[in-house]
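> Fold the following and give me the result.
(chains A, B, C and D)
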2 protein chains.
Amino acid sequence: MGGPRFEPVRTVRAYERIVEQIEEAVETGALTPGQRLPSERDLMAQFSVSRSTVREALRVLQARGLVQSRPGDPNGAEVQPFSPAALHKSMTTLARVDELSLGELVQFRMVLDASANLLAARLRTDEQLAEMDAAIERMRRAAEVSYDEFSAADVAFHDAVARASRNKLIEISTGVVRSIVLNLIAGKIASSDDRVALMRRSIRHHEEVLDAVRAGDGPLAARLSRETMYDYYVDYVPADERPALRALLEE
Amino acid sequence: MGGPRFEPVRTVRAYERIVEQIEEAVETGALTPGQRLPSERDLMAQFSVSRSTVREALRVLQARGLVQSRPGDPNGAEVQPFSPAALHKSMTTLARVDELSLGELVQFRMVLDASANLLAARLRTDEQLAEMDAAIERMRRAAEVSYDEFSAADVAFHDAVARASRNKLIEISTGVVRSIVLNLIAGKIASSDDRVALMRRSIRHHEEVLDAVRAGDGPLAARLSRETMYDYYVDYVPADERPALRALLEE
DNA sequence: TGCAGCCTACTGGTCAGACCAGTGCACTAG
DNA sequence: CTAGTGCACTGGTCTGACCAGTAGGCTGCA
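Below you'll find the predicted structure:
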């Protein structure tokens, strides 16, 4: 004992070193969205590796959503602005392989949406309030006509609230989880009559939430938004998962 | 108008088709963690493509955390159990590229941790309570000795709470966001004296939270956990972001 | 018979060079 | 001045090769 502490060495593949370097450049801002990488043939000269190695690195970067290449493009791969696509992908995978239940997803949405409303009640601008108004008005018009359009307007409302929370992480996460939930229940929607009733009730709920946001009453907006979501999704959730959802209503 | 509606065709690369097929197999359970993929040379025969194409597909799958290959392994790539590594990676990228502020991250932690506590208060088992007790005891012993050990015990406590919430999404997200936050403030820690005082106060706060969880008072546990986290991190957060954090304390 | 050590047949990682279908730009013919 | 045509270049794919590493069977010794 007492000798020098050696660290286990990790053999690093060539393409990983390339990924690291380019990733570093993007994250430090040396490469900004819209800029182009050199062509693969240039990169292979710069990194002193073969084109296959360069390409494997680019595949990884592309899977992470950092760059995007297009065949025939006389410029190299384009650095992408951040998009939640990668986040969405891994969360979708999580939902499928780890068998996330609909209950867990809805519960998560209740948590996120409630906090977005809580913050929005404090921080919203008049302009954002107008957006929410417009979204609800759009829901009203759509309710009797098209479920898809209603759903889109509903999404717009929640997006406006999320933006008003001024927390990008909340904004992105709500979007990602919502799309997974909507995807899961797509096709499982109730009968047409039930659906119209559901939409009407949902509009009333959204109006109440918006009133609370407008009044600046965060805790109320949060509570109402949880109830709104519970009411809207509870029928899709298996009975044995509902108690856990109701636990969130008691706060 | 009125003719058949044509969909825009998306040229799909060969390696993407391979990714899709293997991904599908993993997500439907046809391939389970621990199982091996055929070797690259077998795959290239099965998919009728060249090895470079197979390899590019494997790189993508590996970036998504679905498989892992090891050079020299006489078996093929191994299907991995889901790990939040990919989620972690994309959220870290988000934090760096999109310049997520520490304030936003802490705010998100407050939201998640509070809801974990709320649920844990309802759903915790006695065994999980014992884990939380043990973690706090470990924090007590470590406080006077090592900040790192204290921090590890703190993590153990929050992990136990997250598990007790019985929501895998909350559990994973808290872990991911926490490690990003800890990474951001690493090195920025206050002076030694302040640090000890901070740890002592934090222990007291954790005890209060645990009491509320033990008593089954979810809303109280949630509120206390928000306060605990605010108190612990507020000094690292720029002054102009603090009001947004305080907004969460009012619920 | 038992086991230590070597050998071989694989693996993944990398390289080199080639072809193809696209793309954008410069040039050319009208 | 413009419409049209090449051309030079891109990324996507293929072929075939070499290397270092691994595991498991085989050999030969004790």
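> Quick check: A:Val213 vs A:His206, distance?
The gap separating A:Val213 from A:His206 is 10 Å, by CB to CB, to the nearest Å. C-beta coordinates here come from the backbone N, C-alpha and C atoms, glycine included.
> These two: who's more crowded?
Applying other CB atoms under 10 Å in any protein chain shown to A:Val213 and A:His206 shows that A:Val213 carries more neighbours, namely 30 against 24.
> Contacts only, for the more buried one.
Applying CB atoms under 8 Å, 6 or more residues apart in numbering or on different chains, we find A:Val213 in contact with A:117, A:120-121, A:124, A:129, A:132, A:161, A:164, A:221.
> Take these and write them to JSON lines, including neighbour count.
Listed next are the contacts of A:Val213 as JSON lines, based on neighbours: other CB atoms under 10 Å in any protein chain shown:
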{"residue": "A:Asn117", "neighbour count": "30"}
{"residue": "A:Ala120", "neighbour count": "31"}
{"residue": "A:Ala121", "neighbour count": "25"}
{"residue": "A:Arg124", "neighbour count": "24"}
{"residue": "A:Leu129", "neighbour count": "16"}
{"residue": "A:Met132", "neighbour count": "24"}
{"residue": "A:Val161", "neighbour count": "29"}
{"residue": "A:Ala164", "neighbour count": "24"}
{"residue": "A:Ala221", "neighbour count": "28"}
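> list the helices and strands the helix or strand of chain A with the lowest mean pLDDT packs on?
Within chain A, no helix or strand scores below helix A:85-97, which has a mean of 87 by mean pLDDT, DSSP states H and E. Counting contacts by 3 or more CB pairs under 8 Å, 6 or more residues apart in numbering or on different chains; DSSP states H and E, helix A:85-97 packs against helix A:168-185, helix B:14-27, helix B:85-97, helix B:168-185.
> 7 Å - rerun?
For helix A:85-97, the elements it packs on are helix A:168-185, helix B:14-27, helix B:85-97, judged by 3 or more CB pairs under 7 Å, 6 or more residues apart in numbering or on different chains; DSSP states H and E.
> Mean pLDDT lowest where, among those helices?
The minimum mean pLDDT among the helices and strands packed on helix A:85-97 belongs to helix B:85-97 (a mean of 87).
> if we can go back for a sec, please identify which of the helices and strands packed on helix A:85-97 is closest to DNA strand C.
helix B:14-27 (12.4 Å; CB to the nearest atom of the strand).
> which helices and strands sit right next to the closest one?
Looks like helix B:14-27 contacts helix A:85-97, helix B:51-63 (3+ CB pairs under 7 Å, 6+ apart).
> list the contacts for the residue nearest to A:Ala85 when sequence neighbours are not counted?
Leaving aside its sequence neighbours, A:Ala85 sits nearest to A:Gly65 (CB to CB, 6 or more residues apart in numbering or on different chains; 5.0 Å). Residues near A:Gly65 by CB atoms under 7 Å, 6 or more residues apart in numbering or on different chains: A:80, A:83, A:85-86.
> Over to A:Val26?
Here A:Val26 is in contact with A:66, A:79, B:97 (CB under 7 Å, 6+ apart).
> at 10 Å what do you get?
Under the criterion of CB atoms under 10 Å, 6 or more residues apart in numbering or on different chains, the neighbours of A:Val26 are A:32-33, A:35, A:37, A:61, A:64, A:66-67, A:79-80, A:82, B:93, B:96-97.
> is it true that A:Pro38 touches A:Val67?
No: using CB atoms under 10 Å, A:Pro38 is not in contact with A:Val67, being 11.7 Å away.
> what do the two both touch?
Going by CB under 10 Å, 6+ apart, residues that sit against A:Pro38 and also against A:Val67 are A:76-77.
> These two: which is more packed in?
Per other CB under 10 Å, whichever of A:Pro38 and A:Val67 has more neighbours is A:Val67, with 25 against 15.
> Find the nearest non-adjacent residue to that one, please.
In space, and not counting its chain neighbours, A:Val67 is closest to A:Ala77: 4.3 Å by CB to CB, 6+ apart.
> thought that neighbour was touching A:Pro71?
No: checked against CB under 10 Å, the pair A:Ala77 and A:Pro71 is beyond contact range at 11.0 Å.
> who's more crowded, these two?
More neighbours surround A:Ala77 than the other of A:Ala77 and A:Pro71, with 22 against 6 (other CB under 10 Å).
> From DNA strand D, how far off is the more buried one?
Separation of A:Ala77 from DNA strand D (CB to the nearest atom of the strand, to the nearest Å) stands at 5 Å.
> can you tell me which residues contact that residue?
A:22, A:35-40, A:43, A:58, A:61-62, A:66-70.
> Now it: phi and psi?
Main-chain dihedrals, A:Ala77, degrees, to the nearest 10: phi -60, psi 150.
> Please apply the same query to the one 5 residues further on.
Here the main-chain torsion angles of A:Phe82 (degrees, to the nearest 10) amount to phi -60, psi 140.
> next helix or strand past the longest helix along chain A?
If you go by DSSP state H, chain A has its longest helix at helix A:192-215. Next along the chain after helix A:192-215, taking DSSP states H and E as the criterion, comes helix A:218-233.
> for the host helix or strand of A:Glu137, packing partners?
Here A:Glu137, judged by DSSP H and E, is contained in helix A:126-143. For helix A:126-143, the elements it packs on are helix A:102-123, helix A:147-164, helix A:192-215, judged by 3 or more CB pairs under 10 Å, 6 or more residues apart in numbering or on different chains; DSSP states H and E.
> What lies in contact with it?
Residues from elsewhere that reach helix A:126-143 (CB under 10 Å, 6+ apart): A:120, A:124-125, A:148-161, A:163-166, A:195-200, A:202-203, A:206-207, A:209-210, A:213-214.
> switch to 8 Å and redo it
Against helix A:126-143 from outside (CB under 8 Å, 6+ apart): A:120, A:124, A:149-150, A:152-154, A:156-157, A:160-161, A:163-164, A:196, A:199-200, A:202-203, A:206-207, A:210, A:213-214.
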